[in-house]
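Asker: A structural model of the following input is requested.
(one chain, ligands or ions: 2)
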Amino acid sequence: MDLQLAIFDLDGVIVDTAKYHYLAWKRLGDELGIEFTEQDNERLKGVSRMRSLDIILELGNQKKTQEEKEALTAKKNSWYVESILQMDASQILPGVLDFLEDLKARSVKIALGSASKNARTILERVQITNYFDAIIDGNLVSKAKPDPEVFLLGATKLGVKPTQTVVFEDAQAGIEAALNAGMYTVGVGDRKILSEAHVVISSFESLNVEELFHALTGQG
Ligand code: B16
Ligand code: MG
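Answerer: Ligands and ions are numbered 1, 2, ... in the order given. The predicted model follows:
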């Protein structure tokens, strides 16, 4: 098998932290008098913290100074952190642990490629930090997905070529970022939203590394 590195997005792939982001943004929206629905929240997936706030302010037709925006994102983050500190291993999405074990058994390297500045805290809380050979998070990158920076950094750090790397992503911008990096892509979620991915899966449950890699590269 030719693939040597698997890079995982965090929110929506390993854990479902989107619900905690939503609750915190909704609380902020309520304070600002901006209506913010779960459907609006879809637009925030994979998007940076500051860009998320900009989208919410746009929804409410509101403008804020940079200083005000810093204070608002800090407030949202403090609520979000309260939620993630309550997380435990039971919140890892179905099939993910078995799949990570399967990769390890085949000596495929594992990296995280997330926009979140809280990624390390979440991995610690759900007790899977040790699986990762490299952790690239929102503190290390300057360009947001669909820019390929986050994934290219992971591959470079581990000395693996993009063409030998597969990325698992739940957001359209993330799939685009991986394609821009010249990597194989697996969309996790809705086939209609993730149609650009090489392969789309609904979850990691019963997913087999060998079969998946064969489907991606045509090699066993
Ligand atoms: P933070 P991912 C992304 O995580 C989330 O999908 C997105 O909703 C969030 O705004 C972003 O991280 C930044 O998160 O505020 O914790 O730094 O999907 O790239 O793992
Ligand atoms: Mg995601």
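
Asker: what helix or strand does the closest residue to Leu53 other than its chain neighbours sit in?
Answerer: In this structure, Leu53 finds its nearest non-sequential neighbour in Thr73, 5.4 Å apart by Cβ to Cβ, 6 or more residues apart in numbering. Every C-beta, even on glycine, is put in place using the N, C-alpha and C of the backbone. Assigned by DSSP states H and E, Thr73 belongs to helix 66-84.

Asker: counting neighbours, what do you get for the residue nearest to Leu53?
Answerer: For Thr73, the count of nearby residues is 17 (other Cβ atoms under 10 Å).

Asker: and it, what pLDDT?
Answerer: With respect to pLDDT, Thr73 has a value of 98.

Asker: do the same with Ile193
Answerer: Taking Ile193 on its own, its pLDDT is 88.

Asker: now swap in the one 10 residues further on and tell me
Answerer: The pLDDT attached to Ser203 in the predicted structure is 97.

Asker: please apply the same query to the one 10 residues further on.
Answerer: The predicted local distance difference test score for Phe213 is 97.

Asker: try Leu152
Answerer: 98.

Asker: what strand or helix carries it?
Answerer: Using DSSP H and E, Leu152 falls in helix 149-157.

Asker: Asp30 and ligand 2, how far apart?
Answerer: Distance, Asp30 to ligand 2, by Cβ to the ion, to the nearest Å: 24 Å.
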